[in-house]
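**Q** sequence plus the predicted model coming up.
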Amino acid sequence: MKYVPPIFAFMALLLLLALPQKNVQGAADKTGTLPVVPLAVTSTPTPVATATAVPADPSATPLPPPDPDLACLRINFEVSGDMAQAGTYEVREVNGRSLASWTAQAGWQDSGWLQDIEISFKAVYVNVFYLPGGSADPVQMAIWNPAPGTQYGWVARGMCHALEVGWP
């Protein structure tokens, strides 16, 4: 049901009461008009949201690395809605070169920013692999924010980028 502010409901009722009354056949009071009934309007106050300033978390959106030849990334499950399983997550360039890793506990969703990463070129395509440990094979994670026209994530020098991942 759509919310109607109480003032509109009150005004509508006042308008109805102001309309001329029609004659009614067989009215009990024999006057031929409808009886006037007292009207009570009640309203429940609705709290109004107010904006409050939230202090900025400096780790949420870091500044680019101080060295423009280095990159910054994080592994993040928030967009996919998935959660990490316990194990290690490794970011590799598509040529197989390892860039960074994160050891997660079950239920975590974000690695935090991994900084000062050396990459082979100004920008590179990457994959994220889950390494469960033991003799199990690595699992290639799905990238939810791939580079345009690809299935790969990307990392570039001089900037920080989140790799949004999910389970395949």
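**A** Perfect, I can see it now.
**Q** which residues of this protein fall in strands?
**A** 70-76, 87-93, 98-104, 114-118, 123-131, 139-140, 142-143, 153-156, 160-166 (DSSP state E).
**Q** quick check: which ranges of the protein have low pLDDT?
**A** 1-4, 6, 8-16, 18-19, 21-66 (pLDDT under 70).
**Q** switch the cut-off to 90
**A** Confidence mapping of the chain against pLDDT under 90 gives the ranges 1-69, 132-136.
**Q** just the endpoints, please. Distance across stretch 77-97?
**A** 23 Å (C-alpha to C-alpha, to the nearest Å).
**Q** so which bits of it are buried?
**A** 77, 80, 84, 87, 89-93 (16 or more other C-beta atoms under 10 Å). (Each C-beta comes from the backbone N, C-alpha and C, glycine too.)
**Q** ok, those residues vs I7, which is closest?
**A** Checking the buried residues of stretch 77-97 against I7 by C-beta to C-beta gives S80 as the nearest, at 45.0 Å.
**Q** contacts only, for the closest one.
**A** 142, 144, 164-167 (C-beta atoms under 8 Å, 6 or more residues apart in numbering).
**Q** over to it: give its phi and psi.
**A** When quoted as degrees, to the nearest 10, the phi and psi of S80 stand at phi -70, psi -20.
**Q** D69 against R157, yeah?
**A** Yes. Proximity of D69 to R157 meets the contact threshold set by C-beta atoms under 8 Å, at 5.6 Å.
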